[in-house]
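Asks: structure of the sequence below:
(4 chains, ligands or ions: 6)
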Amino acid sequence: MKKIINDPNQVVQDMVDGLIAANPDSLKQVPNTFVVARADAPVAGKVALVSGGGSGHEPAHAGYIGKGMLDAAVCGEVFTSPTPDQVLEGIKAVDSGNGVLLVIKNYTGDVLNFEMAAELAEAEGIQVEKVIVNDDVAVEDSSFTTGRRGIAGTVFVHKIAGAKADSGAKLEAVKAVANKVVTNVRSMGIALTPCTVPAAGKPSFTLEDHEMEIGMGIHGEPGIDRTSIASADEIATTLTEKVLEDFDFSGEVAVLVNGLGATPEMELYIMNKKLHEILSERGIKIYRTYVGEYMTSLEMAGCSVSLLKLDDELKELLDAESTAPAFRS
Amino acid sequence: MKKIINDPNQVVQDMVDGLIAANPDSLKQVPNTFVVARADAPVAGKVALVSGGGSGHEPAHAGYIGKGMLDAAVCGEVFTSPTPDQVLEGIKAVDSGNGVLLVIKNYTGDVLNFEMAAELAEAEGIQVEKVIVNDDVAVEDSSFTTGRRGIAGTVFVHKIAGAKADSGAKLEAVKAVANKVVTNVRSMGIALTPCTVPAAGKPSFTLEDHEMEIGMGIHGEPGIDRTSIASADEIATTLTEKVLEDFDFSGEVAVLVNGLGATPEMELYIMNKKLHEILSERGIKIYRTYVGEYMTSLEMAGCSVSLLKLDDELKELLDAESTAPAFRS
Amino acid sequence: MELEIHDLIKWFEITNERIQQHKDYLTGLDQPIGDGDHGINMARGYQEAVTKLSQAEYQEPSEVLRDASMALLSKVGGASGPLYGTAFLKMSLAVKGLETINAASLVNGLSAALLGIKQRGKAEAGEKTLVDVWGPVVDYISSEESNLRAEDLTSQARMAMERTKEMMATKGRASYFKEKSIGHIDPGSASSYYVFASLAEVWKEKT
Amino acid sequence: MELEIHDLIKWFEITNERIQQHKDYLTGLDQPIGDGDHGINMARGYQEAVTKLSQAEYQEPSEVLRDASMALLSKVGGASGPLYGTAFLKMSLAVKGLETINAASLVNGLSAALLGIKQRGKAEAGEKTLVDVWGPVVDYISSEESNLRAEDLTSQARMAMERTKEMMATKGRASYFKEKSIGHIDPGSASSYYVFASLAEVWKEKT
Ligand SMILES: Nc1ncnc2c1ncn2[C@@H]1O[C@H](COP(=O)(O)OP(=O)(O)O)[C@@H](O)[C@H]1O
Ligand SMILES: Nc1ncnc2c1ncn2[C@@H]1O[C@H](COP(=O)(O)OP(=O)(O)O)[C@@H](O)[C@H]1O
Ligand SMILES: [Mg+2]
Ligand SMILES: [Mg+2]
Ligand SMILES: [Mg+2]
Ligand SMILES: [Mg+2]
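Replies: Ligands and ions are numbered 1, 2, ... in the order given. Just a heads-up that it's a prediction; the model follows:
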């Protein structure tokens, strides 16, 4: 394991300290927690957004804290959901009396811990709603199972719901637009290499030198298929087609080409070239393209493609001001 | 070699296409070149900034194109300086008649090719000045040798000279503040793993599983020392002390903790924590901190630390508006 | 036969011993069909619970259950944390006010706990989760009530745990492995087995 | 004895053959003390140069040198591109207007080229660069002028190249290797040796 760390069991602590040190004017840490919040939270008159989950997906989620996006991010241990008491602290730190929306990636651990936190918060008289993001088309969609995982598409929920909240909308309306994003976003990724959780010290799975896994999750969850590594054009085609099969994107879309950690930006742009070719062949209009690391998996090599179908409301909110370091607009 | 690419000899072509596709409103490609420029270039009445060099350092340099930073970036083959004809096209594409400043990282290849381009441009009646960035303290500073390499500190030159140009300053003044940055910036990095140039197909050097190289350059140039891998605190201490030994930073500084490619943001923030401790112990005030991937080396794992000593002029220019995707302010 | 405050504390202590002892086994079960942390999670949480219980003074059994629940909630994490936390929280509410817990109120308490787990996790029998041990065990205890025998409780729990081996997971991380989840014992069912085996041990000493 | 247009074209053609033939050798020299691309760079550039020369019509030798210079400038890249490009550009200017190049004007041309390399690269003799072949060769040619002998030209160039082995690089990428650069032949000096060995071959055929 080659990492620039100190005690493997202290990485989240150290990271949060370093994050706050880097952004003393815009961020604050809720004492005795791994909750990071807007320095000016609670923001009077505004519905607050709280997200979070296991660490190791940076810049998700603390990088999305800022005007027009999240009010707080709850940082769990690496790849482990934060506990309800931590999430509760996050909710309490940002509620201005206008209620709090929880943006949760669909993993059983995250869902259960955030739900309990919501109940605890309601017990304290705080109005809480939640939206569960499940954009990973590599998992089949079923109401009888745990269902699809939440991956990079979550960033669009942060951006658009955050903009809605910033516009002064009520909790119900913010929740509604968040769900609208969830309904209209789909993603899928591939991995070329595993990653190593610091406390574990060794990779959680292995991939041969010639192998890649199609549809692998951001914690190394199994995907659809393990094949020998393909060209960028083939990978872009596979991912895009799976996403397009799953939902009718005809019209206008936003595109997110996301790097999982070790993959250079150069490769993401090479993917993006083909992606644009495929979409324009299909007559799908691209309104905005985002290329970079938005939802990572430590030092995993690989990428994901997300598409969000847009209407006028979503376009306006997507372009609205955001001061979050990881998503300026 | 595990990469998301098509033809290894076409990566720069494909990358530039993907980059333009992602930013159709803000960027344009100069026909038949790998020159990327502001869509609205030449900007009337403004001194233009052109940088570039070998590709593989993304977001350097095309990611720094925008209002308040670069007007054009000339993309060479991976780790290979662009040729004078390409640089000349970049100069011609952005000159508004107010002259062009070339920001060159100090490598013989870059310096010679950009210098020749400058002469060719002058022959065509374009006013050209250049500044050579040499911030890497891992190389001893000598006027009898090639001297220090230009690494991540270059980003500060782009930002501050770009802001100066945006303020309407004349070429001489823009050059002067660029040189002021060069005088006041120092950097040093470490590498944990090598990287692979696509066309080469295999790493240009090797590091054992327990090894790291201190002071290694962004193309894998030899550093000062090869040791077994140390803790984040030790690495931060080594790099910061080397940088502080080299120049008197007492006063106020901007800090850049730069990831070389594969290193997760989490580790950069862990570095940043220690960095802040060291600087505050020394009574050095931190005005701004930037943490992320600013000057990479393909998928190399490692990081660099840059310090820039600030005065009021530099502070103001550092904070001035920039619309460059990789350095929003 | 009645369980008193110290018996409940004993229950968590014995469970903790077994979980610490089989920590790696539980983690091992979570590797092929999960993320390999169940033993670590449970060991962290139960250690916290017994520490907490050893430090406080209690007026009635429900308080023990509430404190244990809070400790598990804040320390176990993952999916199992909220589930075990909810189970003991609901059980605590169900026996609130009672000075001791007899067979009937044990049935009440554990039924409430099971209901809590089902509501929280939205899992039904046969989805290869905690429910597949808690469900059969609660059924058994209800059917026996006061003639409950410790040995049978243990064996019922063990058999239930072993039956999860043949199930395909449709809830939790293991569900991503679809058919591949068949042939492995469910980690959470294994930890639940330790919970009930420990309860049986406490029960036995009373009879 | 005079070099005509077709002789100069021949010069680049023969040089190109040798560079293509020894491409991997040149790249190999650039690996231990550089970035392992000198052979690739030179092969790419010289190929372009001869292609260009084969397609155009020329009125005088200086035009051949100018076109070759431009081809090398735009295709070699790295440090050596501008250096070779400058060399032939300066040589072209030095012989401008001449219908043929005799020994005296060859000395003029190559001296101008050497000066160009020195000005461009700011390297002096002994820094383990092109200069360490071009310098001694130009000295030799100047001293001989018209009694220049092809064999001696070749051997002078080879000896100069071999002397770079003992030098410590203080310019170019190799300078980062400091002492470690000693013991390796300088890649650019090796390619320069092919340039002059080829010139000797052309020269020989004329005498
Ligand atoms: N929806 C659910 N209902 C009941 N139990 C569940 C559910 N999802 C998961 N579990 C239980 O949780 C166990 C996994 O716990 P653990 O590994 O600690 O958490 P995580 O899966 O988040 O890493 C599974 O073996 C299963 O018994
Ligand atoms: N300042 C300089 N002056 C003269 N020749 C130089 C100088 N720097 C480098 N060279 C020559 O260039 C050669 C390297 O060329 P090449 O490998 O093609 O470029 P790069 O070093 O940019 O990869 C060196 O072997 C040396 O002979
Ligand atoms: Mg688990
Ligand atoms: Mg887990
Ligand atoms: Mg080279
Ligand atoms: Mg080179």
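Asks: in chain C, which spans are helices?
Replies: Counting by DSSP state H, chain C has these helices, from start to end: C:5-21, C:23-33, C:38-55, C:61-75, C:80-94, C:103-121, C:131-144, C:150-163, C:187-206.
Asks: right, I mislabeled it, should have said chain A
Replies: So, for chain A - with DSSP H - the helices run A:11-22, A:84-94, A:108-123, A:154-166, A:171-184, A:232-246, A:265-281, A:312-319.
Asks: centre of the chain to the shortest one, how far?
Replies: So the one you mean is helix A:312-319. 19 Å (Cα atoms, centre = their mean, to the nearest Å).
Asks: again with the fifth one
Replies: The chain centre lies 15 Å from the centre of helix A:171-184; the measure is Cα atoms, centre = their mean.
Asks: quick one, what contacts C:S69?
Replies: C:S69 sits next to C:Y84, C:G85, C:T86, C:A87, C:F88, C:L89, C:S92 when contact means Cβ atoms under 8 Å, 6 or more residues apart in numbering or on different chains. The way it works is simple: take the backbone N, C-alpha and C, and place the C-beta from them, glycine included.
Asks: let's see if you can find the most crowded of those residues.
Replies: Counting neighbours by other Cβ atoms under 10 Å in any protein chain shown, the top entry in the contacts of C:S69 is C:Y84, with 30 neighbours.
Asks: what about that one, distance to chain B?
Replies: When distance is defined by Cβ to the nearest Cβ, to the nearest Å, C:Y84 is 29 Å away from chain B.
Asks: C:K118 too?
Replies: Plainly put, C:K118 is 37 Å away from chain B if you go by Cβ to the nearest Cβ.
Asks: which residues touch that residue?
Replies: C:E124, C:V131.
Asks: read off the pLDDT value for residue 165.
Replies: Answering for chain A, as no chain was given. We note a pLDDT of 98 for A:A165 in this prediction.
Asks: sorry, I should have been clearer: chain C.
Replies: 98.
Asks: residues touching the residue lying closest to A:A138 once chain neighbours are set aside, list them.
Replies: Excluding its sequence neighbours, the residue lying closest to A:A138 (Cβ to Cβ, 6 or more residues apart in numbering or on different chains) is A:G215, at 2.9 Å. The neighbours of A:G215, taking Cβ under 8 Å, 6+ apart as the test, are A:D136, A:V137, A:A138, A:V139, A:M188, A:G189, A:I190, A:G223, A:I224, A:D225, A:K242.
Asks: surely the last one is in contact with A:V137?
Replies: Yes: with the criterion set as Cβ atoms under 8 Å, A:K242 and A:V137 qualify as a contacting pair; they are 5.5 Å apart.
Asks: ok, those two, which is more surrounded?
Replies: With neighbours defined as other Cβ under 10 Å, A:K242 and A:V137 compare such that A:V137 has more, 26 against 18.
Asks: on that earlier part again, which neighbours do A:K242 and A:V137 share?
Replies: By Cβ under 8 Å, 6+ apart, A:K242 and A:V137 have these common neighbours: A:M188, A:G215.
Asks: what's the neighbour count on the residue of the stretch 101-250 of chain A found nearest ligand 6?
Replies: Closest to ligand 6 within the stretch 101-250 of chain A is A:A232: 24.8 Å, counting by Cβ to the ion. Counted with other Cβ under 10 Å, the neighbours of A:A232 add up to 25.
Asks: same question for the one 5 residues further on.
Replies: Per other Cβ under 10 Å, the neighbour tally for A:T237 reads 16.
Asks: same thing with A:V253?
Replies: 24.
Asks: same question, the one 10 residues further on
Replies: As a burial measure, the neighbour count of A:T263 was computed by other Cβ under 10 Å and equals 29.
Asks: for the residue in chain C that ligand 6 sits nearest to, what are phi and psi?
Replies: Nearest to ligand 6, among the residues of chain C, is C:D35, at 44.6 Å (Cβ to the ion). Dihedral pair for C:D35: phi -120, psi 20, per degrees, to the nearest 10.
Asks: so what's it up against?
Replies: Contacts of C:D35 (Cβ under 8 Å, 6+ apart): A:F79, A:S204, A:H219, C:R173.
Asks: now the third one: how far from C:K128?
Replies: The one in question is A:H219. 19 Å (Cβ to Cβ, to the nearest Å).
Asks: the two: who's more crowded?
Replies: Comparing A:H219 with C:K128 by other Cβ under 10 Å, the one with more neighbours is C:K128, at 28 against 24.
Asks: for the more buried one, what are its contacts?
Replies: Residues near C:K128 by Cβ under 8 Å, 6+ apart: C:T164, C:M167, C:M168, C:A169, C:T170, C:K171, C:G172, C:A174, C:S181, C:D186, C:S189.
Asks: OK, contacts around residue 174?
Replies: Just so you know, I chose chain A. With Cβ under 8 Å, 6+ apart, A:V174 has these contacts: A:V47, A:L49, A:L101, A:E129, A:A161, A:K164, A:A165.
Asks: chain C was what I was after
Replies: C:I33, C:G34, C:K128, C:S181, C:H184, C:D186.
Asks: give me that answer again for 6 Å
Replies: With contact set as Cβ atoms under 6 Å, 6 or more residues apart in numbering or on different chains, C:A174 has these partners: C:I33, C:G34, C:S181.
Asks: try C:S62
Replies: By Cβ under 6 Å, 6+ apart, the residues touching C:S62 are C:S92, C:V95, C:K96.
Asks: ok, A:D14 next?
Replies: Contact partners of A:D14, counting by Cβ under 6 Å, 6+ apart, are B:I270, B:K273.
Asks: sorry, back to before: now the residue nearest to A:A138: how far from A:H57?
Replies: 18 Å.
Asks: got it, and A:D95?
Replies: 25 Å.
Asks: show me which of the two is the more surrounded one.
Replies: Counted by other Cβ under 10 Å, A:D95 and A:H57 do not tie: A:H57 has more neighbours, with 30 against 23.
Asks: does the residue of the stretch 101-250 of chain A closest to ligand 6 really touch B:N6, like I thought?
Replies: Yes: contact status for A:A232 versus B:N6: in contact at 5.1 Å, counting by Cβ atoms under 6 Å.
Asks: now the residue in chain A positioned nearest to ligand 2. Nearest residue, chain neighbours left out?
Replies: Nearest residue of chain A to ligand 2 (Cβ to the nearest ligand atom) works out as A:M266 at 19.8 Å. Nearest non-adjacent residue to A:M266, counting by Cβ to Cβ, 6+ apart: B:M15, 4.8 Å away.
Asks: contact partners for that neighbour?
Replies: Counting by Cβ under 6 Å, 6+ apart, B:M15 touches A:M266, A:Y269, A:I270.
Asks: picking up where we left off before, of the contacts of C:D35, closest to ligand 3?
Replies: Nearest to ligand 3, judged by Cβ to the ion, of the contacts of C:D35 is C:R173 at 5.8 Å.
Asks: give the contact list for the spatially most central residue of chain A.
Replies: Residue closest to the average C-alpha location in chain A (Cα atoms, centre = their mean): A:T154, at 3.9 Å. Contacts for A:T154 (Cβ under 6 Å, 6+ apart) come out as A:K105, A:V133.
Asks: ok, the residue in chain C that ligand 4 sits nearest to - contacts?
Replies: Relative to ligand 4, the nearest point of chain C is C:G78 (3.9 Å; Cβ to the ion). Residues near C:G78 by Cβ under 6 Å, 6+ apart: A:G109, C:N41.
Asks: for the residue located most distally from the centre of chain C, which non-adjacent residue is closest in space?
Replies: Relative to the centre of chain C, and counting by Cα atoms, centre = their mean, the farthest-placed residue is C:E179 at 26.0 Å. Nearest residue to C:E179, sequence neighbours excluded (Cβ to Cβ, 6+ apart): C:M168, at 6.2 Å.
Asks: measure the one you found to C:S175 for me?
Replies: According to Cβ to Cβ, C:M168 stands 8 Å off from C:S175.
Asks: most neighbours of all the contacts of B:M15, which one?
Replies: A:I270 (32 neighbours).
Asks: residue contacts, that one?
Replies: A:A232, B:I5, B:D14, B:M15, B:G18.
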